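# Below is the structure, and that's it, no one-letter string:
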């Protein structure tokens, strides 16, 4: 395995971490938007408390992935930034509004109107951003970025809109949103105190889990003509059948564990399921960074750069991983008292 | 507006916005940990209150800085794909390191903010130190990447192709040390004086609580030494420019003609068409003396390159003068503070000093913005000095103005909200002695 492969794998690991942590923070925003019933305020409060101490750290996984992409695979970054300029700009606007709205709601005072206004911005941005992220991923998987990036299209729409405004990328966008909402609901069952609030999120997790399955089905059906490479990789290559079986097993386990109220098991299974889906996409398009023409080896920076980045990754991980473990041990241990003061 | 101009406006706007938050993220944690240290030692609840309020202000600004920093990491590609294709392999390294430093800062800021009652006293203070150190480091790494754009190194250019990439040599570029020193000191000076100015103002407005006196003292403790050192680091940076970026220096000093015994020109309006500066005040031999320590040294003027390689003259020259004026004023106020402290005079009782500090409050940030105008506009038309022109790096996508407009609206909106939130924090600060509502754990060091 070459240094470029290792770094591409690390990049996907960073994305994976982002999906499991930052993705769930977006999902939390979705549940903030969809909060209903007698425990509406309690639901929102739970989401805010769960996200508060960790969302900035979670968010950095995305920055890490972007930085690895432009350091190690600069032609891929340049091409994505051109062909997917519009959806990525939308992602940026969403990230800015989501993050700042969350912070402003936390520090903006307790007046209801202030809370509601920022809450709305936070929630809507949490809804739109994952869809656009998914659209970008779907566009890459469909191979459209390969063509557009080479400039074969003519005119604004062909170059900057057509690659992503198509059924398959949109289906992946909705699927991504469902995954994030599913993760968030599952995590929140563990964050919630015993009782009705926990039941609220159990029901939401079950519904979202079913939605994940449904949207995955739709995306796969569309993929057959729209993303042939991925479709082939996911369904017909040598590793695909066992892989699909394992992913499905995790999906079923997650739902079964939720049904039987074994929340820790549900969390582990849901995280494994979503991670496997991500790796399935990556595996299906290996060895391409951007199918159908830009391979990892073609896009990679010179070896001197790759080796140094590898060294930096090892050193950085030596500082970061213990720190992250400490952060989560302090704030996500299960003996959490009923209230963390939001200071 | 052309797409190139619109892209430059958007990038400039994003940087001008982000830099304020980045700077606060570097320096504010130092204020916060000094206050906490004093509380742990003395048990004086005022210092605990200060540490908590500063931490809260840091959190608001850090959150905005985190998102505006994300925007920048994307914008490098969305606006300048041609730049990233060339620069990514060479200078991606400090960006990767910055990613780690920023990550560390985010983690420990979370622990610091939410961990007052969840981790030990020692761990909490250590978390504060980690925030301060990683904040400073992430600034250092980003400035190193920018320095490389000014003094590219660590690669060979053969027939227009980049070969033999050496990322460590790129990081050790000639501009790195002067720029890192200048920017890091600027962060402490600007933030220290901004905080000091706010509390000086509140004291002048009659808030006599010890809270403000202590706040003023700590803020000056951080800001004043940096402000005094800053002119020295500026002189070091100018010496570097004279050797490595002569065109930028010539634009800063409005020096049109290469000459020995070059004067320094204060103010005035450089006229590129007439090749002279109207209304400027000339100090004979000043520039030669400052740049080369020799009154007769030859300094390269703008005439050493064709006019299409000149940066925008009045903007660079006037930004430079503005930066220097602000920096000098702050250094003088800092020396005044040191003198008063040495004489053991109570700073908060000297109204004239307090007014001078209030006036200095915004100037650090004005100087920072002006300084970045100097270094960024002064490098034009190059995005990588002597290697790649900005016009060749911009995205081919048309309709850039629309996106620039959207981002302009977002930044204006965020700026207004941050201002409102911070001023609310300030207005709510204690009026008089003994006001410590809502400070959990006040008075009990633990």
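That came through, no problem. Worth saying up front: this structure is predicted, and the values here are computed from it rather than measured.

# Tell me the buried residues in stretch A:186-205?
A:186-192, A:197-198, A:200-202, A:204-205 (16 or more other CB atoms under 10 Å in any protein chain shown). Glycine gets a C-beta too; all of them are placed from N, C-alpha and C.

# Show me how far it is from its chain's centre.
Its chain's average C-alpha position is 21 Å from that of stretch A:186-205, according to CA atoms, centre = their mean, to the nearest Å.

# Same question for stretch B:360-368.
10 Å.

# hey, where'd the helices end up in the stretch 251-400 of chain B?
In the stretch 251-400 of chain B, the helices defined using DSSP state H, counting those that start in this stretch lie at B:286-292, B:313-342, B:351-360, B:363-377, B:390-393, B:400-427.

# So for residue A:45, which of the ones you listed sits nearest?
Closest approach to residue A:45 among the helices of the stretch 251-400 of chain B (CB to CB): helix B:400-427, 20.5 Å.

# For chain A, what's the nearest residue on the stretch 201-350 of chain B?
Per CB to the nearest CB, residue B:211 is where the stretch 201-350 of chain B lies closest to chain A, at 16.8 Å.

# Quickly find the element holding that residue.
helix B:210-244 (DSSP states H and E).

# could you check the angle helix B:351-360 makes with that helix?
Between helix B:210-244 and helix B:351-360, the angle comes out at 50 degrees (axes from the mean of the first three to the mean of the last three CA atoms, to 10 degrees).

# So in chain B, where's the weakest helix or strand by average pLDDT?
Here the helix or strand of chain B ranked lowest by mean pLDDT, DSSP states H and E is helix B:400-427, holding a mean of 83.

# next one: chain A
That would be, for chain A by mean pLDDT, DSSP H and E, helix A:144-149 at a mean of 64.

# downstream neighbour of it in the secondary structure list?
Next in sequence after helix A:144-149, counting helices and strands by DSSP H and E, comes helix A:155-156.

# With chain B in mind, check whether that following helix reaches it.
Yes - using CB under 8 Å from any CB of the partner chain, helix A:155-156 comes into contact with chain B via residue A:156.

# Looks like residue B:154 contacts residue B:174 (just checking).
No - the criterion here is CB atoms under 8 Å, and residue B:154 misses it with residue B:174 at 11.2 Å.

# okay, those two: which has more neighbours?
residue B:154 (21 against 17; other CB atoms under 10 Å in any protein chain shown).

# pLDDT at the residue in the stretch 151-300 of chain A that chain B sits nearest to, what is it?
Using CB to the nearest CB, residue A:160 is the residue of the stretch 151-300 of chain A that sits closest to chain B, at 5.7 Å. pLDDT, residue A:160: 84.

# for it, what are its contacts?
Counting by CB atoms under 8 Å, 6 or more residues apart in numbering or on different chains, residue A:160 touches A:82, A:83, A:85, A:86, A:148, B:397.

# Poorly predicted segments of the stretch 201-343 of chain A, please.
A:333-343 (pLDDT under 70).

# hey, where'd the helices end up in it?
Here the stretch 201-343 of chain A has its helices, by DSSP H, counting those that start in this stretch, at A:228-236, A:240-259, A:263-285, A:296-299, A:303-332.

# circling back to that earlier point, now do the contacts for the residue nearest to the residue of the stretch 201-350 of chain B closest to chain A when sequence neighbours are not counted.
In this structure, residue B:211 finds its nearest non-sequential neighbour in residue B:430, 4.6 Å apart by CB to CB, 6 or more residues apart in numbering or on different chains. Listed by CB under 8 Å, 6+ apart, the contact set of residue B:430 reads B:49, B:207, B:209, B:211, B:212, B:436.

# ranges for the strands of the chain?
Here I'm looking at chain A. Assigned by DSSP state E, the strands in chain A fall at A:288-290, A:294-295.

# my bad, the chain I had in mind was chain B
B:156-158, B:161-163, B:259-260, B:264-266, B:269-271, B:276-278, B:281-283, B:298-299, B:382-384, B:388-389.

# Pick the most buried one from these.
Of all these, strand B:382-384 has the most neighbours on average by mean count of other CB atoms under 10 Å in any protein chain shown, namely a mean of 22.

# gap between that one and the chain center?
On CA atoms, centre = their mean, the centre of strand B:382-384 falls 21 Å from that of its chain.

# other SSEs contacting it?
The contact analysis (3 or more CB pairs under 8 Å, 6 or more residues apart in numbering or on different chains; DSSP states H and E) places strand B:382-384 against helix B:81-114, helix B:121-150, strand B:388-389, helix B:390-393.

# and of those, who's closest to chain A?
helix B:81-114 (2.5 Å).

# Report the mean per-residue pLDDT for that closest one.
Helix B:81-114 carries an average pLDDT of 88.

# wait, does it make contact with chain A?
Yes - counting by CB under 8 Å from any CB, chain A is contacted by helix B:81-114 at B:81-82, B:84-90, B:92-93, B:95-100, B:102-104, B:106-111, B:113-114.

# Next up, the contacts around the closest residue to chain B within chain A.
The nearest approach of chain A to chain B comes at residue A:71, 2.5 Å away (CB to the nearest CB). By CB under 8 Å, 6+ apart, the residues touching residue A:71 are A:301, A:305, A:309, B:88, B:89, B:92, B:93, B:95, B:96.
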